[in-house]
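**Q** This is the structure alone, sequence omitted:
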């Protein structure tokens, strides 16, 4: 099972006073389990980006301590810099890396936001996946006019009221906190000091003005050079090489060229590999052809490491990304992950029907019941989403175990232990999914019986998905249990699965009866 790891990448409005940056770093590092991976300070931007990781609770505490320290040391009334900003701690994103879901990060963002607003008296806006309003998903909308404009607008315009904290700005400004997938902060410098060229190129590149999807861009003057400053929010869908080449072509229109580029913070290895594959035209390339990857896999803990990396890759995927990975010809993600994904969709539909019921006068009598269903459905959806990654990681661990050397008796014994342990995990994950499928079916029966009648077909679809997910999970339990040496344990798992299937069959029958009764049609 993947170790829970979250990344946090706070941006602080200070780079020119090294002692202030060091004090903020010390506050973050004071949390024992947190590891600072990177620090990037830009004097022209007057901005420092710190990247740190750790278990959820530790990262949550470290983020708060960093925000609190910055509020003590940075006065936005005295701050100048090229980069847009509204706060001493300008933006704080939480990113799922391993063993956690995006929903987990959303909940952390909201807890930290509440604490910053209440304890520090700093206005907080939630953005990206944690946003409470559609217009606040994009950071640019929240940061419109910067600190100077927000000082007035937060008081006079109701739509600028923060999600947490007072509706007025102090010297620390406001802070934007949220949850998002991994992004690449990437800057390209031009052989020119004409900032208007960078602005025109940024407009051509960024998605909001007709450019590349998943690219945000600004034109700035930094170190006497025109700079195209970017955030790439999905390097799989809009590869780094494609962005650079478009900038190169646009720059040529104005008679200039690229001088160099730079990273702000960290970049996933896969993004660099994709760029190398594109430029070298390695059309038949496989990731396992990278020497360091091949050397690392057989090492101690290889199965777990590969599983954690896979979880880090898949936890940030959209639905379309997951389907592409599923169809991609690799053994994982496979049927077990697909079953968990189907069950997560079933839980999501149950939550949807509950939401469509809450607040309706006609269903006032079941308001409390629907609120409870909604909370349980969302919790199950988050857990099943994690199981998508866990199943893929479990199967990758099995593959890695079978690849272990067996040339000596000691190696053969180690290999056998690893195969047994990984196969057991590969059976336990889908068994856990099967258990959650039954819980989802129980919620679906409630929303079919008492929820908004206009959404009864959606509830029925949820039931069909949960049933299919249970069937798929059961196939994976049986397949992996058959490969265990400990057949006593294997039969216990099969017995548990059969009991779940029996309960699920009864729930399905009751769901069908309720749909027939309330929907006015037969499912036969």
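**A** Sure thing, it's come through. What you are looking at is a predicted structure, and each value in this text was computed from that prediction instead of being measured.
**Q** List the buried residues of the helix or strand hosting residue 367.
**A** For residue 367, the element it lies in under DSSP states H and E is helix 367-402. Using 16 or more other Cβ atoms under 10 Å as the test for burial, helix 367-402 gives 369-370, 373-374, 376-378, 380-398, 400-401. Backbone N, C-alpha and C define where each C-beta goes, glycine included.
**Q** Mind giving me the packing neighbours of the host helix or strand of residue 441?
**A** Assigned by DSSP H and E, residue 441 falls within helix 409-450. Helix 409-450 sits against helix 335-357, helix 367-402, helix 456-482, helix 487-519, with contacts defined as 3 or more Cβ pairs under 8 Å, 6 or more residues apart in numbering; DSSP states H and E.
**Q** mind checking which of those is nearest residue 265?
**A** helix 367-402 (23.4 Å; Cβ to Cβ).
**Q** before we move on, back to that, give me the average confidence score over the helix holding residue 441.
**A** Here helix 409-450 scores 92 as its mean pLDDT.
**Q** Show me how the chain divides into domains.
**A** As recorded under automatic domain parsing, the domains making up the chain are 5-179, 184-280, 291-519.
**Q** Run a quick neighbour tally on the nearest residue to residue 63 once chain neighbours are set aside.
**A** Leaving aside its chain neighbours, residue 63 sits nearest to residue 8 (5.1 Å; criterion: Cβ to Cβ, 6 or more residues apart in numbering). Counted with other Cβ atoms under 10 Å, the neighbours of residue 8 add up to 25.
**Q** Same question for residue 223.
**A** When neighbours are counted by other Cβ under 10 Å, residue 223 comes out with 10.
**Q** how far is the helix holding residue 441 from where the chain is centred?
**A** Centroid separation for helix 409-450 versus its chain: 23 Å, with Cα atoms, centre = their mean, to the nearest Å.
**Q** I figured residue 53 was touching residue 9, is that so?
**A** No - Residue 53 is beyond contact range of residue 9, at 9.8 Å (criterion: Cβ atoms under 8 Å).
**Q** the more surrounded of these two?
**A** Each of residue 53 and residue 9 has its neighbours counted (other Cβ under 10 Å); residue 9 has more, 25 against 21.
**Q** just to revisit the earlier point, tell me which other helices or strands the helix holding residue 367 touches.
**A** helix 102-119, helix 302-314, helix 335-357, helix 409-450.
**Q** gap between residue 338 and residue 234?
**A** For residue 338, the distance to residue 234 equals 22 Å [Cβ to Cβ, to the nearest Å].
**Q** the longest strand in this structure is where?
**A** Longest strand of the chain, by residue count under DSSP state E: strand 89-98.
**Q** Could you tell me which strands sit next to it in the sheet, and their orientation?
**A** strand 5-8 (antiparallel), strand 11-12 (antiparallel), strand 175-179 (parallel) (DSSP bridges).
**Q** now the angle from it to helix 102-119?
**A** With axes from the mean of the first three to the mean of the last three Cα atoms, to 10 degrees defining the directions, strand 89-98 sits at 150 degrees from helix 102-119.
**Q** Where does the closest residue to residue 146 other than its chain neighbours sit: helix, strand or coil?
**A** The shortest distance from residue 146 to any non-neighbouring residue, by Cβ to Cβ, 6+ apart, is to residue 84 (5.5 Å). Per DSSP: H, G, I helix; E, B strand; the rest coil, the local secondary structure of residue 84 is coil.
**Q** for residue 84, what are its contacts?
**A** Going by Cβ atoms under 8 Å, 6 or more residues apart in numbering, residue 84 touches 143, 146, 218.
**Q** So which bits of stretch 353-364 are buried?
**A** Those would be 353, 354, 355, 356, 357, 358, 363, for stretch 353-364 by 16+ other Cβ under 10 Å.
**Q** Sorry, wrong one. I was asking about stretch 123-141.
**A** 123, 124, 125, 126, 127, 128, 129, 130, 131, 136, 137, 139.
**Q** Contacts for that stretch, please.
**A** By Cβ under 8 Å, 6+ apart, stretch 123-141 touches 91, 93, 102, 105-106, 109-110, 113-114, 116-117, 142, 154, 162-169, 174-180, 208, 216.
**Q** For PyMOL, write the select line for the buried members of these.
**A** Here is the PyMOL command that selects only those of these that count as buried (16+ other Cβ under 10 Å):
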select buried, resi 91+93+102+105+106+109+110+113+114+116+117+142+154+162+163+164+165+166+169+174+175+176+177+178+179+180+216
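**Q** what's around residue 59, how many residues?
**A** Neighbour count of residue 59, defined by other Cβ under 10 Å: 29.
**Q** can you check residue 249 too?
**A** 11.
**Q** Now do it against residue 462, distance only.
**A** Residue 249 is 48 Å from residue 462, by Cβ to Cβ.
**Q** quick one: low-confidence parts of the protein?
**A** 1-2, 294-320, 520-524 (pLDDT under 70).
**Q** which ones are touching residue 61?
**A** Contacts of residue 61 (Cβ under 8 Å, 6+ apart): residue 31.
**Q** Is it correct that it falls within a strand?
**A** No - counting by three-state DSSP, residue 61 falls outside a strand, being helix.
**Q** phi, psi of residue 182?
**A** phi -60, psi 140 (degrees, to the nearest 10).
**Q** wouldn't it be in contact with residue 7 here?
**A** Yes - between residue 182 and residue 7 there is a contact at 7.3 Å, judged by Cβ under 8 Å.
**Q** joint contacts of those two?
**A** By Cβ under 8 Å, 6+ apart, the residues touching both residue 182 and residue 7 are 95, 97.
**Q** Pull out the buried residues from stretch 4-24.
**A** Of all the residues in stretch 4-24, those buried under the rule 16+ other Cβ under 10 Å are 4-16, 20-21, 23-24.
**Q** With stretch 404-420 instead?
**A** Residues of stretch 404-420 classed as buried: 404, 414, 415, 418, 419, 420 (neighbour count, 16+ other Cβ under 10 Å).
**Q** of all those, which comes closest to residue 334?
**A** residue 419 (18.0 Å).
**Q** which ones are touching the closest one?
**A** By Cβ under 8 Å, 6+ apart, the residues touching residue 419 are 398, 401, 402.
**Q** next one: residue 344
**A** Residues near residue 344 by Cβ under 8 Å, 6+ apart: 380, 381, 384, 385, 387, 388.
**Q** which one among the buried residues of stretch 353-364 gets closest to residue 259?
**A** residue 355 (51.8 Å).
**Q** so how far is residue 511 from the closest residue to that closest one other than its chain neighbours?
**A** Closest residue to residue 355 apart from its sequence neighbours, by Cβ to Cβ, 6+ apart: residue 374 at 6.3 Å. Here residue 374 is placed at a distance of 18 Å from residue 511 (Cβ to Cβ).
**Q** ok, now residue 73?
**A** Counting by Cβ to Cβ - residue 73 and residue 511 are separated by 59 Å.
**Q** Comparing those two, which shows the higher neighbour count?
**A** Neighbour comparison, residue 73 and residue 511: the larger count goes to residue 511, with 26 against 17 (by other Cβ under 10 Å).
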